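**Q** With the sequence up front, the predicted model follows.
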Amino acid sequence: MTFKPERLRGLYVVTPDLPDTDRLAGVVRDAIAGGGVLVQYRNKAADQRLRRTQASVLQTICVDAGVPLVINDDLELAIAIGAAGVHVGRDDDSACAARASLGGGRLLGISCYNQIARVDDAIAAGADIVGIGAMFGSATKPAAVRAPLGLLGEARTRGAMVVAIGGVSLENAPELIRAGADLLAVISDLFDNSDVAARAADYAKLFASTEPCA
C-alpha cells in the first residue's frame with residue numbers, strides 16, 4: 001500500500017499483545033471507527049507465523065478503512081504484506097537501509113527517544129515520523145528514559161510528523177498536543193477501556209479542540 005500523507009494528526013493506535021487474532025481485529029476496528037488515524041502492529045509475544053497472520057488481517061482492515069498500517073521492528077514483514085510502512089528503533093536495522101527498501105511511497109517511523117540529535121539523524125535518513133518519548137511512565141516500558149515536553153515542539157520544527165510515546169492518556173494528552181505532538185501513540189489507555197471506539201473518539205475530539213502552541 002502506497003501511503004504518503006502530507007501530515008497526519010490524531011490518535012496513533014498501537015496494538016496490544018493479543019494471541020487471539022479475531023479479538024485483535026475487533027478492537028482495532030473499534031479504534032479506527034472511533035477516529036484512529038494510523039495503526040502500528042506490535043506484538044512482542046507472538047511467533048513469526050502468528051505475526052504474519054495478524055499483520056495480514058490488520059492490513060486488510062486498514063486498507064478497507066483508508067488508514068495506514070505500519071509494522072513495528074520488522075521491515076521484511078511490512079514489505080511482505082504490503083503495509084504502508086515500518087517503525088524502527090535504536091537497535092533495529094539501519095534507517096537508511098529501511099528507507100531504501102521501502103522506497104519513497106511508504107512511511108518510515110524512527111524512534112528518537114529523548115534526543116534532538118536523533119531527530120536530525122532520523123530526518124536525514126528519510127523519516128516521515130519521529131517518535132519522542134517516553135513522555136511518561138508506562139506499563140509497556142516502565143524503565144524507559146523520559147523525554148522533556150519541550151522536545152516535541154523542537155522536533156516539530158524539523159518538519160517530520162511527531163508522535164509522542166510512553167504513558168499517554170486522555171488526561172495528559174492536551175499538554176502533549178499543545179507542546180507539538182502531531183500524533184499520540186496509545187496502547188493501555190485505549191485498549192484497557194471497556195469501549196475502545198468511544199475512547200478513540202475522545203482522543204479525536206481532543207485533537208479537534210486543541211492546537212499546538214507553536
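**A** Here it is on my side, so go on. Predicted, not measured: the structure shown is a model, and the values here were computed from it.

**Q** Could you name the helices and strands sitting against the lengthiest helix in the chain?
**A** Once the chain is assigned using DSSP state H, the helix that runs over the most residues is helix 48-65. Packing partners of helix 48-65 (3 or more C-beta pairs under 8 Å, 6 or more residues apart in numbering; DSSP states H and E): helix 21-34, strand 38-41, strand 69-72, helix 75-81. C-beta: built from backbone N, CA, C; applies to glycine.

**Q** Throw those into TSV and include mean pLDDT, mean neighbour count and distance to residue 63, thanks.
**A** Shown next, in TSV, are those (pLDDT from 0 to 100; neighbours: other C-beta atoms under 10 Å; distance: least, C-beta to C-beta, whole Å):
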stretch	mean pLDDT	mean neighbour count	distance to residue 63
helix 21-34	99	18	11
strand 38-41	99	27	11
strand 69-72	98	26	8
helix 75-81	96	18	10
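
**Q** Let me have those in TSV, extended by distance to residue 133.
**A** Listed next are the helices and strands packed on helix 48-65 as TSV, based on distance: least, C-beta to C-beta, whole Å:
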stretch	distance to residue 133
helix 21-34	20
strand 38-41	13
strand 69-72	14
helix 75-81	22
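
**Q** Those: which one's closest to residue 177?
**A** strand 38-41 (15.4 Å; C-beta to C-beta).

**Q** so which of the helices and strands packed on helix 48-65 gets nearest residue 202?
**A** Going by C-beta to C-beta, the one of these nearest residue 202 is helix 21-34, 8.0 Å.

**Q** packing partners for the closest one?
**A** Identification of packing neighbours for helix 21-34 by 3+ C-beta pairs under 8 Å, 6+ apart yields strand 10-14, strand 38-41, helix 48-65, helix 188-191, helix 196-209.

**Q** Ends of stretch 165-179, what's the gap?
**A** Terminal residues of stretch 165-179 are spaced 13 Å apart (C-alpha to C-alpha, to the nearest Å).

**Q** Likewise for stretch 32-44?
**A** 22 Å.

**Q** repeat for stretch 88-95
**A** Span of stretch 88-95 from end to end, C-alpha to C-alpha: 7 Å.

**Q** Dump the C-alpha coordinates for stretch 131-141 into PDB.
**A** Only the C-alpha atoms of stretch 131-141 are listed here, as PDB (Å, rounded to 0.1, in the frame of the first residue of the first chain):
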ATOM      1  CA  GLY A 131       8.900   9.100  17.900                       C
ATOM      2  CA  ILE A 132       9.600  11.100  21.000                       C
ATOM      3  CA  GLY A 133       9.400   9.600  24.500                       C
ATOM      4  CA  ALA A 134       8.900   8.100  26.900                       C
ATOM      5  CA  MET A 135       6.800  11.200  27.800                       C
ATOM      6  CA  PHE A 136       5.500   9.500  31.000                       C
ATOM      7  CA  GLY A 137       5.900   6.200  32.700                       C
ATOM      8  CA  SER A 138       4.100   3.200  31.200                       C
ATOM      9  CA  ALA A 139       3.300  -0.400  31.900                       C
ATOM     10  CA  THR A 140       4.800  -1.300  28.500                       C
ATOM     11  CA  LYS A 141       8.200   0.200  29.100                       C
END
